[in-house]
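[1] generate coordinates for the sequence data below:
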Amino acid sequence: MLPSAEPARIAVAAERPYQVLVGNGLLGEVPALLGAGVRRVALLHPPTMIKTAEQLSQLLTATGVDPVRIDVPDAEAAKSVAVAERCWSILGNAGFTRSDGVVGLGGGATTDLAGFVAATWLRGVRVVMVPTSLLGMVDAAVGGKTGINTAEGKNLVGCFYEPAGVICDLDLLATLPSPHLVAGLAEVIKCGFIADPEILTMIESDPTSAVRADSPVLRDLVERAVSVKARVVAADFRETTSTGSAVGRELLNYGHTIGHAIERRERFGWRHGDAVSVGMVFAAELARLAGRLDQPTAARHRAVLSSVGLPTSYAADAFDDLLHTMALDKKTRGSTLRFVILNGLASAEILTGPKEDLLRAAYDAVAA
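    Below you'll find the model as predicted:
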């Protein structure tokens with residue numbers, strides 16, 4: 001993994017500003033993002049990232065930083081209280097102080113966990129995210145949201161905590177299985193609908209290149225998606241949203257309300273991006289039936305998502321289960337369901353408390 005072209009450096013103007021680096025051969029940037037005062041880091045990674053963790057450990061050691069590697073379970077199994085507690089125990093036994101740091105190396109679940117551990121250890125130590133999946137690069141690792149799951153739902157326990165920096169090393173996508181790369185594109189396409197329609201045009205023009213890890217098209221898509229999230233986060237870091245046109249950071253939840261419900265119904269056996277893909281089709285139909293969105297833009301959701309191999313339908317008999325789960329979601333206010341919907345490309349609003357018959361009619365469009 002040798003450096004190639006100069007990386008893109010995307011600034012996130014949060015409460016504590018940081019940068020997201022996008023490019024190739026960027027692992028050597030981790031020590032600089034940690035800062036000169038950090039002498040020891042906990043390196044959290046799943047079993048699938050052992051070789052990369054070894055490489056990163058060597059780079060850290062060469063710069064005078066002592067890595068303490070912590071193996072964590074793969075995917076959503078990492079995001080539990082038990083795993084977080086084990087990480088805290090390792091930090092405590094190693095004598096980690098506020099001058100030490102954390103590095104999260106892995107997919108979105110690993111970076112969510114790493115951020116939560118860093119935010120809660122001694123009320124906050126520096127953390128650098130090194131996402132190894134497309135989903136992690138464009139979504140989970142960027143924005144300062146951390147979280148773990150409970151039996152009652154996904155990401156119900158967590159906090160807002162900015163990283164010291166994020167490294168999107170596109171070389172790490174080379175070994176990512178194709179279904180996972182495709183799933184990550186759901187969050188990219190979401191950014192196209194909510195803020196940057198050029199993303200949609202690029203994918204429609206060349207969907208084959210969009211799913212190739214080594215294509216310049218994918219790099220451009222990653223940079224655009226990260227830039228969208230950076231702008232939204234900078235304007236509303238703690239998600240203080242309202243109804244009407246002032247959607248704020250809640251804009252990033254487009255497709256997620258029913259998407260998270262699908263994930264929970266499948267006991268997290270579905271990939272996050274696949275669930276969000278179905279959720280966006282549902283949200284588009286909901287907006288159309290509510291008289292907010294035109295038919296061509298609603299239909300464009302299904303066309304763009306399916307062009308890269310993302311699912312656009314779900315079980316016909318699942319609506320009652322999903323409705324119950326959505327009522328427990330962290331995006332509700334009291335007992336009122338809220339949906340981010342579009343009233344046009346790159347134009348959104350909050351639909352509050354839609355009637356059940358409207359929700360059922362929208363679900364008919366995604367029922368397999």
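
[2] what does the worst-scoring helix or strand of the chain on mean pLDDT rub up against?
    The helix or strand of the chain with the poorest confidence is strand 153-160; it has a mean of 86 (mean pLDDT, DSSP states H and E). Residues outside strand 153-160 that contact it (C-beta atoms under 8 Å, 6 or more residues apart in numbering) are 76, 79, 81, 112, 116, 119-120, 144-150, 237-239, 260, 263-264, 268, 325, 328-330. Backbone N, C-alpha and C define where each C-beta goes, glycine included.

[3] try 7 Å
    116, 119, 144-150, 237-238, 260, 263-264, 328-330 (C-beta atoms under 7 Å, 6 or more residues apart in numbering).

[4] and the buried ones among the residues you listed, selectable in ChimeraX?
    Here is the ChimeraX selection string for the buried members of the contacts of strand 153-160, based on 16 or more other C-beta atoms under 10 Å:
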select :116,119,144,145,146,147,148,149,237,260,263,264,329
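
[5] of the contacts of strand 153-160, which belong to strands?
    Among these, DSSP state E puts 145-150 in strands.

[6] now, among those, which is nearest to residue 197?
    Of all these, residue 145 has the smallest distance to residue 197: 25.1 Å, by C-beta to C-beta.

[7] tell me the bridge partners for the closest one.
    Beta-bridge partners recorded for residue 145 (DSSP bridges): residue 160.

[8] any idea how far it lies from residue 158?
    7 Å (C-beta to C-beta, to the nearest Å).

[9] what does residue 279 give?
    Shown here: residue 279 relative to residue 158, a distance of 20 Å by C-beta to C-beta.

[10] show me the shaky parts of the stretch 101-250 of the chain.
    The model of the stretch 101-250 of the chain has pLDDT under 70 over residues 141, 241-246.

[11] and the strands in it, which stretches?
    101-106, 126-131, 145-150, 153-160, 165-169 (DSSP state E, counting those that start in this stretch).

[12] please identify the most buried of the ones you listed.
    Ranked by mean neighbour count, the strands of the stretch 101-250 of the chain are led by strand 101-106 with a mean of 30 (mean count of other C-beta atoms under 10 Å).

[13] partners of that one in the sheet?
    With DSSP bridges as the test, strand 101-106 is paired with strand 40-45 (parallel), strand 126-131 (parallel).

[14] residues in contact with that strand?
    In this structure, residues lying in contact with strand 101-106 by C-beta under 7 Å, 6+ apart are 30, 34, 38, 41-46, 49, 52-53, 56, 110-111, 114-115, 117-118, 125-130, 132.

[15] thinking again about what came up before, okay if I get the strands paired with strand 101-106 as TSV plus distance to residue 163?
    Below are the strands paired with strand 101-106 laid out as TSV (distance: least, C-beta to C-beta, whole Å):
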stretch	distance to residue 163
strand 40-45	13
strand 126-131	5
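
[16] wait, which of these is closest to residue 184?
    Comparing these by C-beta to C-beta, strand 126-131 comes nearest, at 9.6 Å.

[17] distance from that closest one to the middle of the chain?
    Centroid separation between strand 126-131 and its chain, computed with C-alpha atoms, centre = their mean, to the nearest Å, is 14 Å.

[18] understood, closing this out.
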